[in-house]
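Trainee: my questions concern the predicted model and sequence given below.
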Amino acid sequence: AACVGPTGDARRPSIEVYRERLEALDQHEFYQTALVVDRNGVLLAELAPDGHRTWVPLDEISPVLAQAVVDTEDRTFYENPGVDTSAVARAVIRNAQSGDTVSGASTITMQLVRLVAFDAEERFEQSLDRKVREAHLAAEVAEKYSKDEILEAYLNVAYFGHGAYGAEAAARTYFGVSARDLSPNQATLLAGVLQAPSRFDPLVDLAAARERQRVVLASMVETGSLTAAESAAVWGADPGLVKPPVAPERRAPHFVDYVLSELPERIGPE
């Protein structure tokens, strides 16, 4: 699919390729954990070769988690047109003074574009060229989707570590609960994990994860989402971490294998 893009770089996909990838947002066309059950609903197998994800609507995600992510990642989310132009300008100036990389200043919409439209190599590239493409596509996404649709998509697409993609999988992985049942402490801890899942992994380095949680709580106090007293109460609660669930052993494995062999013919390889 690679061809000469708007910048003239033959290594880049065309803008239409990026747009096609973003069309996955229309029908939530992202891989999800597949469950094989019998006629009575008994679980026979759980299939998640590329990680776990269960897409849930925004109203089934803890509002504290959603607000914590907005307050920490993109405070102007509900006002900006997908791009925070003043923040981008500051980042460009700051990075120009120290070198030729451009980092920071990404809105939630820009982060969603990066996760969905860019391949892994381009996603981690820090350059003005990539930032311009990201901002251009984010503006288009902001015109096409509502803020709640964008936030829902981001919270279902983002990686939280330990093979958990999206808030529902993350809530079950770290706390053994659904995303809607996260406590305020759990929600703000997860919001911190989101920035760097390996660095702020609470199951590996709880102290680092808690320090990041402190930043999240401070952001929520600064924006008025929490009072200082509420923040202190959240901080003092027990997060109730659990060990990541182990995939259950397959029941009726020969039948499950038969089902998997039939699926591509019955419903298509996708």
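Mentor: That came in fine, so what should we check first? Given the structure is predicted, the values throughout are model-derived calculations rather than measurements. Residues are numbered from 1 along each chain as shown.
Trainee: I figured A68 was touching A218, is that so?
Mentor: No - A68 is beyond contact range of A218, at 11.1 Å (criterion: Cβ atoms under 8 Å). Glycine gets a C-beta too; all of them are placed from N, C-alpha and C.
Trainee: who has more neighbours out of those two?
Mentor: When A68 is set against A218 and neighbours are counted by other Cβ atoms under 10 Å, the residue ahead is A68, at 28 against 15.
Trainee: show me what contacts the spatially closest residue to L47 that is not a sequence neighbour?
Mentor: Nearest in space to L47, with sequence neighbours left out and distances taken as Cβ to Cβ, 6 or more residues apart in numbering, is A34 at 4.2 Å. A34 makes contact with 46-48, according to Cβ atoms under 8 Å, 6 or more residues apart in numbering.
Trainee: list the buried residues of stretch 173-187.
Mentor: Within stretch 173-187, the residues that count as buried by 16 or more other Cβ atoms under 10 Å are 173-175, 177-180, 182-187.
Trainee: one more: stretch 41-56?
Mentor: 44-45, 48, 51-56.
Trainee: what mean pLDDT does stretch 168-182 have?
Mentor: For stretch 168-182, the mean per-residue pLDDT is 97.
Trainee: I meant stretch 130-138, not that one.
Mentor: Averaging pLDDT along stretch 130-138 gives 91.
Trainee: gap between it and the chain center?
Mentor: 18 Å (Cα atoms, centre = their mean, to the nearest Å).
Trainee: again, but for stretch 127-135
Mentor: Distance, stretch centre to chain centre, for stretch 127-135: 20 Å (Cα atoms, centre = their mean).
Trainee: and for stretch 175-191?
Mentor: 15 Å.
Trainee: over to stretch 45-62?
Mentor: 11 Å.
Trainee: contacts for that stretch?
Mentor: The contact list for stretch 45-62 (Cβ under 8 Å, 6+ apart) reads 28, 30-36, 66, 148, 151-152, 155-156, 159, 163-169, 171-173, 178-182, 186-187, 247-248, 250-251, 253, 256, 260.
Trainee: picking that back up, now the buried residues of stretch 41-56 in TSV, with pLDDT and distance to F124?
Mentor: Shown next, in TSV, are those (pLDDT from 0 to 100; distance: Cβ to Cβ, whole Å):
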residue	pLDDT	distance to F124
L44	90	38
A45	85	34
A48	75	24
G51	86	18
H52	91	23
R53	93	21
T54	94	26
W55	96	25
V56	97	28
